[in-house]
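> Let's see this in three dimensions:
(2 chains)
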Amino acid sequence: MWAFVFRRVIYNIPVFLAIVFMVMWILSYRDPVPAMMGKNASEEEIQSKRVELGLDKPLAERYVTRLKEIVLLDFSQELWTMPGLTVGELLRQAVPISLALTLPALFLTTVISVCIGLISAYARGRWLDRSLVFAAVLGMSISFLVYIIFGQYLGSYQLGRLVNRPIFAIYGYEPGIQNWAYYMLLPVMISVIVSMGYNTRFYRAVMVEETTQDYITTAWSKGATTSKIMFVHMLRNAMIPIITRVMITLPLLVTGSILLERYFGIPGMGEALLNAINNNDFPVIEIFSSIFAGLFICSIILTDVLYAVFDPRVRLQ
Amino acid sequence: MTTSEALLTVNNLSVGFHTDRGDVTAIEDVSFEVRAGEILGIVGESGCGKSVTSRSIMRLLPKRNSFIGPQSEIQFDGHNLAHADERTMRSIRGDRIAMIFQEPMTALNPVFTIGWQLDEALKYHTTLDKSQRHQRAIEMLKAVEIPNPELRYHEYPHQLSGGMRQRVVIAMALCCDPELLIADEPTTALDVTIQAQILRLMDQLRRKTKTAVVLITHDLGVIAQICDRVIVMYAGQIVETAAVRSLFKRPQHPYTKALLESIPKTGREQHQTRLPTIEGIVPSLFELPAGCRFQDRCEFRQQQCVDQEPQLGEEVDGRKVRCFFPLSEA
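Residues are numbered from 1 along each chain as shown, chains lettered A, B, ... in the order given. Predicted structure coming up:
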């Protein structure tokens, strides 16, 4: 297995190098300096700023330097927009905040969707199933923004008025576990509701596929109970599609949700990246993209490894 | 033939399906009995209702889209399985009535070991502890002549060949000593050599355990090899039932006769002629003709066959036939 992982990592090195290069190459067409210096900067000042930021060097040289930093996990570069703050410190601040939002959301979404998918598949064709599928399609047909706006209006404003004290924040963030529910619970719920439609439909399809398998009939013929069949025979076989789906979303835990973080004023990774892009903060953009690329590659390799864990037919060679 | 008491009595069994084109009756008025220790064959073309019959006995048809007629009775040890509740069925399935399926490649769960799957059946129906169950599972694997049972116990289905998997399925079905074994085309997916081995094995085991067997097949050769009695089904009905010997010697229903004629024979005089086939196909359940269901393909059709529907006749010499003009000589 380790040989497999090692080989896959080797194969993916060119992919990683290409992604980092493409990000830097696209950015090289932008000139962030004049905007930084304001209208009245002289040509010399602009030029000396360029030298200070290292933008006078050719792209190839900057690429090699950046790669070296990334490989050595050296994130001590200062932000261009906020001198004094390093990318490493930004990561340390923003990642936990994003995780506090995305981790509970992914966990709840997956558990709830798998359960609803199972129930729906079990009741296939009956009114319960039909209404669940209807709700799922309805849920996924509504825009994310509608949920955010209605969530803020009903959850924060109206609910707060109803009980005469704020239950959920409309905007803003404070660190600390005791503040989690106040700032995060509403975005988490919105995130769960938004992703539930897609996920429920997907897991239902997976489970329906399972109910028609011959080995499920065999299990019935052995005298297995409904719950044994659903939670042991079917779920174990359904693990592969479930894992694939969950693993693909793992890097998104770290990237955070740009929409939710922006609308709720949560200073997570999504918000940080968006600010960096708006302000041409190259070190942040480059390093964040590299980290995301690395995470995606890792999650794909990990998915393959988990296949072998859950399906004895899969051999890693 | 010993007239031992019936183990399973099926009376008036009719099963239908809800489909997009409306409800359709898949089998109608099926009545038969299985006696302890015998092998009863059910034979017929694809779609004639063999599997529906067997699955109804186990109540394995999806509740979602199938229904069993209210008059139907499946009597087994004081229970009417046709309308028994799920609890009762669960205690009978795998314990007193077991089943073997057609496709050994897919009948075993790919993500659990052979041992786990054998153990599961024992766990549901016996009070044995873990080590006793392990011992019993190994015993069963030995009984179905699987080499290296200790090793196979820990292997997954994909590591076994089709024949070996079918042996595992048989071991699984027989591990709780069922009184009745339903084998739904157990050898169809296997090649001829393996087929012969499996049939011999089933025959041996049921002699040892006195298990009655309902063997479903479309292969009259298989019936001839091991069955005691045989039921011929056509388009959801029983058309003929008889002891195997007399059926082969003197088929009474034109369909049975046609089936027998379409078996390839090894003999010099047969070499030059084309193998006879039965012209046409089984009528769709949505467009069953009035009168006899076999009329369109029958070489002996009379006007009465078109006008009236024949009923399964009274038992004469241990055989019944659904035909106005049963054949007297082969």
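> is the helix or strand containing residue A:110 anywhere near chain B?
If you go by DSSP states H and E, residue A:110 is part of helix A:87-122. No: Helix A:87-122 lies out of reach of chain B by C-beta under 8 Å from any C-beta of the partner chain, never closer than 9.7 Å. Any C-beta I mention is one placed from the backbone N, CA and C, and that applies to glycine too.
> Could I get the average pLDDT for that helix?
For helix A:87-122, mean pLDDT is 92.
> With stretch B:197-212 instead?
With pLDDT averaged residue by residue, stretch B:197-212 scores 87.
> Distance from that stretch to the middle of the chain?
Its chain's C-alpha centre and that of stretch B:197-212 lie 15 Å apart, by C-alpha atoms, centre = their mean, to the nearest Å.
> got it, and stretch A:52-64?
For stretch A:52-64, the distance to the chain centre is 31 Å (C-alpha atoms, centre = their mean).
> Stretch A:272-281 too?
18 Å.
> got the contact list for it?
A:30, A:32, A:35-36, A:79-81, A:90, A:94, A:255-256, A:258, A:262, A:284-285, A:288 (C-beta atoms under 8 Å, 6 or more residues apart in numbering or on different chains).
> Mind listing what's buried along it?
Of the residues in stretch A:272-281, A:272-273, A:275-276, A:279-281 count as buried by neighbour count, 16 or more other C-beta atoms under 10 Å in any protein chain shown.
> quick check, nearest of those to residue B:248?
Among those, residue A:273 lies closest to residue B:248 (C-beta to C-beta), at 80.1 Å.
> Next one: the closest one from chain B, what distance?
The gap separating residue A:273 from chain B is 40 Å, by C-beta to the nearest C-beta, to the nearest Å.
> Also residue A:225?
Distance of residue A:225 to chain B, computed by C-beta to the nearest C-beta: 7 Å.
> so who does residue 256 touch?
Went with chain A since none was named. Residue A:256 makes contact with A:94, A:97-98, A:101-102, A:268-271, A:273 under the criterion C-beta under 8 Å, 6+ apart.
> wait, I meant chain B there
By C-beta under 8 Å, 6+ apart, the neighbours of residue B:256 are B:232, B:239-240, B:247.
> same question, residue A:269
Going by C-beta under 8 Å, 6+ apart, residue A:269 touches A:94-95, A:97-98, A:254-256, A:261, A:288.
> How confident was the prediction at it?
If you check residue A:269, the pLDDT there is 93.
> buried residues in the worst-scoring helix or strand of chain B on mean pLDDT?
The weakest-scoring helix or strand in chain B, judged by mean pLDDT, DSSP states H and E, is helix B:192-209 (a mean of 87). Residues of helix B:192-209 classed as buried by neighbour count (16+ other C-beta under 10 Å): B:194-195, B:197-199, B:201-202, B:205-206.
> That one: how far from the chain's middle?
15 Å.
> quick one, what contacts the most centrally placed residue in chain B?
Centrality entry for chain B: nearest residue to the mean C-alpha point is residue B:216, 2.4 Å, by C-alpha atoms, centre = their mean. Neighbour list for residue B:216: B:41-43, B:50-51, B:53-54, B:182-185 [criterion: C-beta under 8 Å, 6+ apart].
> Who does it form a beta bridge with?
Following DSSP bridges, residue B:216 is listed with bridge partners residue B:42, residue B:184.
> And it, how close does it get to chain A?
14 Å.
> before we move on, what about residue B:247?
Separation of residue B:247 from chain A (C-beta to the nearest C-beta): 29 Å.
> quick one: that residue and residue B:227 touch, right?
No: taking C-beta atoms under 8 Å as the definition, residue B:247 is not a contact partner of residue B:227, at 9.4 Å.
> in the stretch 1-150 of chain B, which segments are predicted with low confidence?
Across the stretch 1-150 of chain B, the ranges flagged by pLDDT under 70 are B:1-4.
> who in it is up against chain A?
B:58, B:60, B:64-65, B:86, B:90-95, B:98-99, B:101, B:103, B:106-113, B:120-121, B:124-125.
> Give me the buried entries from these.
Here, 16+ other C-beta under 10 Å leaves B:58, B:60, B:90, B:92-95, B:98-99, B:101, B:103, B:106-113, B:120-121, B:124-125 buried among those.
> ok, back up a step: tell me which of the contacts of stretch A:272-281 is nearest to chain B?
residue A:255 (32.4 Å; C-beta to the nearest C-beta).
> so what pLDDT did the closest one get?
pLDDT for residue A:255: 84.
> cool, residue B:303 as well?
90.
> and residue A:315, backbone torsions?
phi -110, psi 130 (degrees, to the nearest 10).
> Not including adjacent chain positions, what is the nearest residue to it?
Spatial nearest neighbour of residue A:315, chain neighbours left out: residue A:308 (6.9 Å); criterion: C-beta to C-beta, 6 or more residues apart in numbering or on different chains.
> ok, the one you found to chain B distance?
12 Å.
> for residue A:85, same thing?
Taking C-beta to the nearest C-beta, one finds residue A:85 at 50 Å from chain B.
> Could you double-check that that residue sits in contact with residue A:79?
Yes: using C-beta under 8 Å, residue A:85 is in contact with residue A:79, at 5.0 Å.
> and the two? which has more neighbours close in?
residue A:79 (20 against 13; other C-beta atoms under 10 Å in any protein chain shown).
> got a list of what that one touches?
Contacts of residue A:79 by C-beta under 8 Å, 6+ apart are A:85-87, A:90, A:276, A:281, A:283-284.
> Let me know the closest of those residues to residue B:295.
Among the contacts of residue A:79, and counting by C-beta to C-beta, the member closest to residue B:295 is residue A:276, at 81.4 Å.
> Please write out the alpha-carbon positions of the strand or helix carrying the closest one in CSV.
According to DSSP H and E, residue A:276 maps onto helix A:269-278. C-alpha atoms of helix A:269-278 as CSV (Å, rounded to 0.1, in the frame of the first residue of the first chain):
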residue,chain,number,x,y,z
MET,A,269,-10.2,31.1,4.6
GLY,A,270,-12.8,32.0,2.0
GLU,A,271,-13.0,35.5,3.2
ALA,A,272,-9.2,35.8,3.4
LEU,A,273,-8.7,34.5,-0.1
LEU,A,274,-11.4,36.8,-1.5
ASN,A,275,-9.7,39.8,0.2
ALA,A,276,-6.3,38.7,-1.2
ILE,A,277,-7.7,38.5,-4.7
ASN,A,278,-9.4,41.9,-4.5
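> Just the buried residues of the contacts of residue A:256.
Burial by neighbour count, judged by 16+ other C-beta under 10 Å, picks out A:94, A:97-98, A:101-102, A:268-271, A:273 from the contacts of residue A:256.
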